[in-house]
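> pasting the sequence and the predicted coordinates here, then a few questions.
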Amino acid sequence: MSFSRLSCRNALLAVSAVALSLPFDTYNSEAQTQASLIVSPAAQSDPVLVGAGDIASCGSSGAERTARLLDDIPGTVFTLGDNAYQSKSVHNPFPCYNKSWGRHKKRTRPIPGNHEYEGGYVDEYFDYFGNAAGDRGKGYYSYDLGEWHIIALNTMVRASPSSSQGKWLANDLAKNSRFCTLAYFHHPRFSSGPNPVNGRAEVLWDVLAAAGVDVIVAGHDHLYERFAPMDPDGSRDDNTGMRQFVVGTGGYSHYEFASDAENSEVRNNTTYGVLKLTLHDRSYDWQFVPVRGRHFTDKGSSGCH
């Protein structure tokens with residue numbers, strides 16, 4: 001990492017717009033209206049990446065509520081896996097996903113989660129999303145948005161350095177010339193939620209941290225959580241650390257918190273919504289946009305390193 005990149009990052013790193021002294025689940029802007037939470041297309045000049053994970057089922061209305069947010073937010077849509085959930089009577093739930101988030105399919109860059117694999121409908125996942133999901137059976141790929149390099153990874157297939165995904169990732173990172181980099185995958189490396197740490201997420205975190213990646217976004221735990229920038233060991237590192245967001249708030253259900261994860265700055269487990277990231281040349285803004293009728297939000301800005 002060059003001195004110029006580090007200096008620039010330190011110069012750009014603004015204090016997060018979240019008051020850290022507030023309780024985890026009380027930072028919100030109740031005076032804001034839903035309209036003020038969404039920037040109109042005309043006001044946007046930099047790329048926007050917006051989405052969530054853990055989204056749709058045939059018996060829940062949560063996905064439609066979050067899809068309505070996407071209706072008013074331009075940009076590229078990401079999904080964080082567990083895009084659609086089975087029921088006893090529905091093996092392939094993607095027709096139900098299609099009724100809500102499906103209207104944004106043409107601008108969606110998805111990744112799969114454990115439910116697609118463990119439920120036996122990962123083939124239906126690749127059928128539904130087609131080329132947008134990457135090579136069939138792999139589910140990992142990358143693309144550029146403005147001055148950002150975006151990496152979509154799959155924590156349901158092997159991720160060690162000797163694996164196909166590991167070798168692909170090393171090559172992709174080596175060729176990356178963008179100043180800022182973001183990666184997203186299903187399982188979080190850190191979370192206050194109930195699920196144990198996924199070993200593949202640990203491996204990916206270490207590789208991405210060594211490469212100087214700026215932002216990680218994950219789902220799996222059905223909650224929202226933002227962490228301070230952290231190094232490969234999970235220690236706070238405001239200079240070169242990666243900031244992780246957990247955004248399992250797509251509409252399926254909510255989880256209880258099971259712990260108080262170190263370096264967790266803001267969290268909420270009662271609100272469906274999407275994470276909107278505005279990607280500037282050497283910095284980014286984040287904003288958790290809640291569904292209509294809910295008031296929890298989280299927003300701030302940070303520089304790349």
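Arrived safely. Residues are numbered from 1 along each chain as shown.

> give me the below-cutoff pLDDT ranges for this protein.
Within the chain, the segments meeting pLDDT under 70 span 1-44, 88.

> give me that answer again for 90
1-45, 57-61, 85-93, 195-198, 232-233, 252-253, 255 (pLDDT under 90).

> which ones are touching the residue most central in space within it?
Residue closest to the mean C-alpha point of the chain, counted by Cα atoms, centre = their mean, is residue 217 at 3.1 Å. Contacts for residue 217 (Cβ atoms under 8 Å, 6 or more residues apart in numbering) come out as 78, 80, 182-184, 244-245, 247, 275, 277. The C-beta positions use only the backbone N, C-alpha and C, and glycine is treated the same way.

> which one of these sits closest to residue 102?
residue 78 (15.0 Å; Cβ to Cβ).

> neighbours of the closest one, how many?
Residues lying near residue 78 (other Cβ atoms under 10 Å) number 25.

> can you tell me the helix or strand for it?
Taking DSSP states H and E as the criterion, residue 78 maps to strand 76-79.

> just checking, what packs against that strand?
The criterion is 3 or more Cβ pairs under 8 Å, 6 or more residues apart in numbering; DSSP states H and E, and the helices and strands that strand 76-79 contacts are strand 48-52, strand 108-109.

> between the ones you listed, which one is nearest to residue 201?
Distance to residue 201, taken as Cβ to Cβ, is lowest for strand 48-52 among these, at 17.6 Å.

> given the next helix or strand after that closest one, what are its sheet partners and their directions?
Following strand 48-52 in sequence order, the next helix or strand is strand 56-57 (DSSP H and E). Sheet pairing of strand 56-57 (DSSP bridges) gives strand 84-85 (parallel).

> so what touches the partner strand?
The contact list for strand 84-85 (Cβ under 8 Å, 6+ apart) reads 55-57, 93-94, 96-97, 115-116, 119, 252.

> following it, which helix or strand shows up next?
Per DSSP H and E, the first helix or strand lying C-terminal to strand 84-85 is helix 94-98.

> quick one: contacts of that next one?
Helix 94-98 has contacts (Cβ under 8 Å, 6+ apart) with 55-58, 63, 83-84, 90, 105, 121, 124-125, 127-128.

> could you export the residues you listed as a markdown table, including neighbour count and distance to residue 211?
Formatted as a markdown table, the contacts of helix 94-98 follow (neighbours: other Cβ atoms under 10 Å; distance: Cβ to Cβ, whole Å):
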| residue | neighbour count | distance to residue 211 |
| --- | --- | --- |
| 55 | 32 | 29 |
| 56 | 30 | 33 |
| 57 | 22 | 36 |
| 58 | 16 | 40 |
| 63 | 27 | 34 |
| 83 | 30 | 27 |
| 84 | 32 | 32 |
| 90 | 16 | 40 |
| 105 | 15 | 31 |
| 121 | 22 | 33 |
| 124 | 17 | 33 |
| 125 | 25 | 28 |
| 127 | 13 | 33 |
| 128 | 21 | 31 |
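
> surely residue 260 is in contact with residue 193?
No. Assessed by Cβ atoms under 8 Å, residue 260 is found out of contact with residue 193, at 11.4 Å.

> the two: which has the busier surroundings?
Neighbour totals were compared for residue 260 and residue 193, and residue 193 leads with 22 against 9 (other Cβ under 10 Å).

> residues in contact with the more buried one?
Residue 193 touches 220-223, 225, 246, 248, 255, 257-258, 269, counting by Cβ under 8 Å, 6+ apart.

> what about residue 249, distance to residue 130?
Note on residue 249: its distance to residue 130, by Cβ to Cβ, to the nearest Å, is 26 Å.

> let me fix that, I meant to ask about residue 232.
35 Å.

> higher neighbour count, these two?
For residue 232 versus residue 130, neighbours defined as other Cβ under 10 Å are more numerous around residue 232 (16 against 9).

> residue contacts, that one?
Contacts for residue 232 (Cβ under 8 Å, 6+ apart) come out as 205-206, 209-210.

> how about 10 Å then?
189, 202, 205-210, 241-242 (Cβ atoms under 10 Å, 6 or more residues apart in numbering).

> residue 230 too?
189-190, 205, 209, 216, 236-238, 241-244, 262-263.

> re the thing from before, now, the contacts of residue 217 that are in helices?
Judged by DSSP state H, the contacts of residue 217 include no members of helices.
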